[in-house]
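**Student:** got a predicted structure plus its sequence, pasted below:
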Amino acid sequence: MKNSYPVVVIGAGPIGLAAAAHLLERNLDVRVLEAGASAGAAMQAWGHIKLFSTWRYNIDAASRRLLETTTDTYTATWEAPRETKLPAGADMVNEYLAPLSEHPELAPRISYGHRVTNVTRVREDGGGVDKTRTGGRKESLFLVRTQTETGVEDILARAVIDASGTWNSPNPVGRSGIEAIGEAAARDAGFITTPLPDPLGADFDGFAGKTVLVLGAGHSAANTLISLGKLHQKHPETTIYWGLRGVANPVRLYGGGALDELPARGQLGTSLRKFVENGDIAILENVSVTALEADDRLTVKLADERTLDVDLLVPATGFRPDLRMLSELRLDMDLMVEAPRELGPLIDPEFHSCGTVKAHGERALSHPETDFYIVGMKSYGRAPTFLMATGYEQVRSIVAALAGDRAAADSVELELPATGVCSSDLGGSCDAPAPAASADAGASADSCCSAPEPASETAAASSSCCSTPAPQPVTIGFGPRG
């Protein structure tokens, strides 16, 4: 009886839709719940940003087969984008996710405007199974509660795959993982932007001629800083500060450059370096924000008693998973990274800043809560080292397990491009960062910067991340207030 209920997938982004495509291919019923009004709603929010991985890495195999297969009731007309082309977020939505979500096999199974607020378990006879109840738990159903425009809806499921992502839960700008004093008020007053604004496009009027502080050292920060650097060249009255929480380090700032196997990812750091060296962007070190005061401008107070007055603050500080809706489930999570426990040590940015991660699937992502899985960006918790190809392999393995194909579930393979550096904080973006290569990419205790060695021997021989001189921070005139 349990198998007569659908598998519920939370989120209609690239990983959620890939899970749905694999479920359909296995003849398993699926229902996709999406909080937004369309597929890829979160990705559309940063549609102006180009991914640094080409289409080759961004189309799921089962989704491609679904789009390309003609049946008695459907004539395939979808044309795959050129594999070597770099898509922007909007391209991913318009050229891939929208056609996939509109496929007649999938479209009736997607419910938009359904924001999941709780996931728990319940017996088939309707009896409750809260977190403390063990008896019969494995055989019970999942109850997924959603908030819609018309009210609350409870949906029963045989399994749940949470692909809801992290876009709506950015890290705070305050120090030590908590909000700075006054941060919420500054956000409400409009001084804190979205994590990936569009200074050269839709947000031009808000940025041109303003003083802007960008906090963060990942790909999100790099994308915004490059746009702001271009804006400064056209409008020199625009002032750009790049706030780093530590001391500037060239590898952590600029990534692998020409050594990166994804040229666009390497070019990101190379372009950013030029803007800094040209003086378009001023680096500020040891920016530990304690308080924000919103008035006519935003006053940023730092732990060392410096202050800085700006017009806008861009919080490119990364993301974290929102686990509140899962509070009634028995999860086994890594306490530091907030990823599934077995996956946590493989992606911990404290030790794996290159993004090296061995192939992993259903076993690494399973929890004591049978048939519940967190996948995609959310499965990486606070680690900024996720690529879509990783998520596609995750859901392929999970769906195989749900279909009873243990051999296919355990046969996980994944080859990802190496960063070309031994350590890089330019490893976090919304498409995501930079997992290096395959399952057997090794790590050396003596490797540069105490991080795994580059995947290729050429990169290892060419990289000298510890010995490269650090760029000199720009000295500017600000200090203790008064």
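**Tutor:** Happy to help now that I have it.
**Student:** now do the SS call for the residue lying closest to Tyr74 once chain neighbours are set aside.
**Tutor:** Using C-beta to C-beta, 6 or more residues apart in numbering and skipping residues adjacent in sequence, the residue nearest Tyr74 is Pro104, 5.4 Å away. Glycine gets a C-beta too; all of them are placed from N, C-alpha and C. With DSSP: H, G, I helix; E, B strand; the rest coil as the basis, Pro104 sits in coil.
**Student:** Pro104 contacts Thr75, correct?
**Tutor:** No: shown here, Pro104 and Thr75 do not form a contact pair, counting by C-beta atoms under 8 Å, at 10.5 Å.
**Student:** ok, which stretches of the stretch 1-150 of the chain are strands?
**Tutor:** In the stretch 1-150 of the chain, the strands defined using DSSP state E, counting those that start in this stretch lie at 7-10, 30-34, 110-112, 115-122, 128-129, 141-148.
**Student:** which elements pack onto the fourth one?
**Tutor:** Of the remaining helices and strands, those touching strand 115-122 by 3 or more C-beta pairs under 8 Å, 6 or more residues apart in numbering; DSSP states H and E are strand 128-129, strand 141-148.
**Student:** swap in 10 Å and give it another go.
**Tutor:** strand 7-10, strand 30-34, strand 128-129, strand 141-148, strand 151-157, strand 159-162 (3 or more C-beta pairs under 10 Å, 6 or more residues apart in numbering; DSSP states H and E).
**Student:** list the buried residues in the longest one.
**Tutor:** For strand 141-148, the neighbour count (16 or more other C-beta atoms under 10 Å) marks Leu141, Phe142, Leu143, Val144, Arg145, Thr146 as buried.
**Student:** for Gly229, give its distance to Val214.
**Tutor:** 11 Å (C-beta to C-beta, to the nearest Å).
**Student:** hang on, Met377 is in a helix, isn't it?
**Tutor:** Yes: looking at Met377 with three-state DSSP, it is inside a helix.
**Student:** isn't it right up against Asp322?
**Tutor:** No: Met377 is beyond contact range of Asp322, at 11.7 Å (criterion: C-beta atoms under 10 Å).
**Student:** tally of neighbours for the nearest residue to Arg137 once chain neighbours are set aside?
**Tutor:** Of all residues not flanking Arg137 in the chain, Val129 sits nearest, at 5.8 Å (C-beta to C-beta, 6+ apart). The criterion is other C-beta atoms under 10 Å. On that basis, Val129 has 20 neighbouring residues.
**Student:** going forward can the numbers begin at 569, since that is how I track them
**Tutor:** Sure, I'll start numbering at 569, so the last one becomes Val697.
**Student:** first-to-last residue distance for stretch 898-910?
**Tutor:** Start and end residues of stretch 898-910 are separated by 15 Å (C-alpha to C-alpha, to the nearest Å).
**Student:** any chance of the helices and strands packed on strand 683-690 in JSON lines with distance to Ala816 as columns?
**Tutor:** Converted to JSON lines, these look like this (distance: least, C-beta to C-beta, whole Å):
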{"stretch": "strand 575-578", "distance to Ala816": "39"}
{"stretch": "strand 598-602", "distance to Ala816": "41"}
{"stretch": "strand 696-697", "distance to Ala816": "52"}
{"stretch": "strand 709-716", "distance to Ala816": "44"}
{"stretch": "strand 719-725", "distance to Ala816": "49"}
{"stretch": "strand 727-730", "distance to Ala816": "37"}
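**Student:** any idea which of the ones you listed scores lowest on pLDDT?
**Tutor:** Between these, the one with the least mean pLDDT is strand 696-697; it has a mean of 87.
**Student:** what about Asp978, how many neighbours?
**Tutor:** With other C-beta under 10 Å as criterion, Asp978 counts 13.
**Student:** isn't Ser979 right up against Ala968?
**Tutor:** Yes: between Ser979 and Ala968 there is a contact under C-beta under 10 Å: 8.4 Å.
**Student:** who has more neighbours out of those two?
**Tutor:** Neighbours were counted for Ser979 and for Ala968 using other C-beta under 10 Å; Ala968 has more, 21 against 13.
**Student:** which ones are touching Glu593?
**Tutor:** Ala629, Ala630, Ser631, Arg633, Leu634, Thr637, Glu673, Arg964, Val967, Ala971 (C-beta atoms under 10 Å, 6 or more residues apart in numbering).
**Student:** and the furthest pair within those?
**Tutor:** Using C-beta to C-beta, the contacts of Glu593 reach their maximum pairwise distance at Thr637 and Ala971, which is 18.9 Å.
**Student:** these two: who's more crowded?
**Tutor:** Of the pair Thr637 and Ala971, Ala971 is the one with more neighbours under other C-beta under 10 Å, namely 16 against 12.
**Student:** surely the more buried one and Val598 touch.
**Tutor:** No: counting by C-beta under 10 Å, Ala971 does not reach Val598; the two are 11.9 Å apart.
**Student:** need the residues touching each of the two.
**Tutor:** With C-beta under 10 Å, 6+ apart as the test, Ala971 and Val598 both reach His590, Leu591.
**Student:** quick revisit: of the buried residues of strand 709-716, just say which sits nearest to Leu911.
**Tutor:** Phe710 (21.5 Å).
**Student:** can you name the residues bridging to that closest one?
**Tutor:** Using DSSP bridges, the beta-bridge partners of Phe710 come out as Arg689, Ala725.
**Student:** show me the contacts for it.
**Tutor:** Counting by C-beta under 10 Å, 6+ apart, Phe710 has contacts 570, 573, 575-576, 687-690, 697, 723-728, 897, 937, 939-940.
**Student:** check Val576 too.
**Tutor:** Contacts of Val576 by C-beta under 10 Å, 6+ apart are 597-601, 679, 682, 684, 687, 710-712, 714, 723-730.
**Student:** 8 Å - rerun?
**Tutor:** Neighbouring residues of Val576 by C-beta atoms under 8 Å, 6 or more residues apart in numbering: Val598, Arg599, Val600, Leu601, Phe710, Val712, Ile723, Ala725, Ala727, Val728, Ile729.
**Student:** for it, which non-adjacent residue is spatially closest?
**Tutor:** Leaving aside its sequence neighbours, Val576 sits nearest to Ala725 (C-beta to C-beta, 6+ apart; 3.9 Å).
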